[in-house]
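Chemist: Curious how this folds, go ahead:
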Amino acid sequence: MVKIDIDCSEGYGYKEYDNAQRGVLAYYFKGPADVSNSKGEIGRYDVKGPWSGKFKIAEGSTTTFGVVKKAEDAKITIGMPDGTKIYIGSVPDPKIITQRRIILGMGCNHAVQYLLNHDSDANLDEGAFQDRVLAYADSFLAKYLEKFDLGE
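Modeler: Numbering: from 1, shown residues only. The predicted structure is shown next:
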């Protein structure tokens, strides 16, 4: 049996799910009504199993929770046997982050094609080329966000 210490802020709680046959050890977390779904759930963190090290947000949770870097941002702290601490707290909506990353990637792809086909300065070193691609991609993202609302 693995010894896991869990410390929850006031209003938060957890339930252990241990299925030795499947090799799964996970914790389901509950939170206050203003951040959880209608069942009081905010998500699940898997310690062992195929999703080990991942936090899954509870469907319908009104606040997006996930792994945060700082203890002061955490509502839940998971203490692992090796002394590592996992902090769970409120994070930006990952759909928005993912959508921005996709748009920025589109800008990078377009920038590379544009610079290779239309830039007269063919003697750029690798660092200068990367700087130009990223500057172009940032500009692309800014223009995209001017035209399209991502709901942020």
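Chemist: residues touching the closest residue to Lys69 other than its chain neighbours, list them.
Modeler: Excluding the flanking residues, the one nearest Lys69 by Cβ to Cβ, 6 or more residues apart in numbering is Tyr87, at 7.0 Å. Yep, even glycine has a C-beta here, placed from its N, CA and C like the rest. Taking Cβ atoms under 8 Å, 6 or more residues apart in numbering as the criterion, Tyr87 is in contact with 67-71, 73-74, 76-78.
Chemist: Quick check on those residues: which are buried?
Modeler: Buried by 16 or more other Cβ atoms under 10 Å: 68, 74, 76-78, out of those.
Chemist: re the thing from before, now that we're looking at the residue nearest to Lys69, what pLDDT does it have?
Modeler: Looking at Tyr87, its pLDDT reads 96.
Chemist: secondary structure class for it?
Modeler: strand (DSSP: H, G, I helix; E, B strand; the rest coil).
Chemist: residues touching the spatially closest residue to Arg22 that is not a sequence neighbour, list them.
Modeler: In space, and not counting its chain neighbours, Arg22 is closest to Gly49: 6.8 Å by Cβ to Cβ, 6+ apart. Residues counted as contacts of Gly49 (Cβ under 8 Å, 6+ apart) are 22-26.
Chemist: what packs against the longest helix along the chain?
Modeler: Counting by DSSP state H, the longest helix found in the chain is helix 94-118. Applying 3 or more Cβ pairs under 8 Å, 6 or more residues apart in numbering; DSSP states H and E, one finds that helix 94-118 contacts helix 126-147.
Chemist: list the buried ones in the helix it packs on?
Modeler: In helix 126-147, counting by 16+ other Cβ under 10 Å, buried: 129, 132-133, 136-137, 140-141.
Chemist: Report the two members of the residues you listed separated by the largest distance.
Modeler: Phe129 and Leu141 (18.7 Å; Cβ to Cβ).
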